[in-house]
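1. any chance you could fold what I've pasted below:
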Amino acid sequence: MAPYIPFVPTEAFAIATEEEWHNAIFQNVNVSDEQAALLQTVTANAAESTTGRVRDWIGRLTLEISRHYDGYLQSLLREVESLHITVQNQQALVDSYKQQVDALPASTGSGHFPST
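-> Predicted structure coming up:
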């Protein structure tokens, strides 16, 4: 039986960088130098805050999901292993019964006696 390989979450969300925030806000916008500096600060703060929080949230969420499904998969693996053992035991029992029946003399037959 193949070994169990745990679930490893992949990166599902693309988190905007400070530069991407800046480009999205300043695209086709005419502002004064003072407004641009203020918006640059706001953009940097927003990027830093959301990037960290979103990254933490995604990390916690994917960890919780992976633990949840790892638990289910581990349980399923144990059930499959148990069923595999049960099938092997049943096969051994069938083989044993077959050997016992094969060892009976041919004259034993089905137990029916001929009528006279």
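2. so where do the helices sit in this protein?
-> According to DSSP state H, the chain carries its helices in the segments 18-26, 33-103.
3. out of those, deepest packed?
-> Neighbour counts (mean count of other Cβ atoms under 10 Å) averaged over each of those peak at helix 18-26, with a mean of 14. C-beta: built from backbone N, CA, C; applies to glycine.
4. other SSEs contacting that one?
-> Here helix 18-26 touches helix 33-103, going by 3 or more Cβ pairs under 8 Å, 6 or more residues apart in numbering; DSSP states H and E.
5. picking up where we left off before, comparing the helices of the chain, which yields the minimum mean pLDDT?
-> Mean pLDDT per stretch puts helix 18-26 lowest among those, at a mean of 73.
6. quick one, that one and helix 33-103 angle?
-> If you take axes from the mean of the first three to the mean of the last three Cα atoms, to 10 degrees, helix 18-26 sits at 130 degrees to helix 33-103.
7. let's see helix 18-26 as PDB, backbone CA atoms only.
-> The C-alpha coordinates for helix 18-26 follow below in PDB (Å, rounded to 0.1, in the frame of the first residue of the first chain):
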ATOM      1  CA  GLU A  18       2.900  48.400  -2.100                       C
ATOM      2  CA  GLU A  19       3.900  49.100  -5.700                       C
ATOM      3  CA  GLU A  20       0.700  47.500  -7.000                       C
ATOM      4  CA  TRP A  21      -1.300  49.600  -4.600                       C
ATOM      5  CA  HIS A  22       0.500  52.700  -5.800                       C
ATOM      6  CA  ASN A  23       0.000  51.900  -9.500                       C
ATOM      7  CA  ALA A  24      -3.700  51.200  -8.900                       C
ATOM      8  CA  ILE A  25      -4.400  54.500  -7.100                       C
ATOM      9  CA  PHE A  26      -2.200  56.800  -9.200                       C
END
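8. with distance to residue 2 added, can I get the helices of the chain in TSV?
-> Converted to TSV, the helices of the chain look like this (distance: least, Cβ to Cβ, whole Å):
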stretch	distance to residue 2
helix 18-26	42
helix 33-103	10
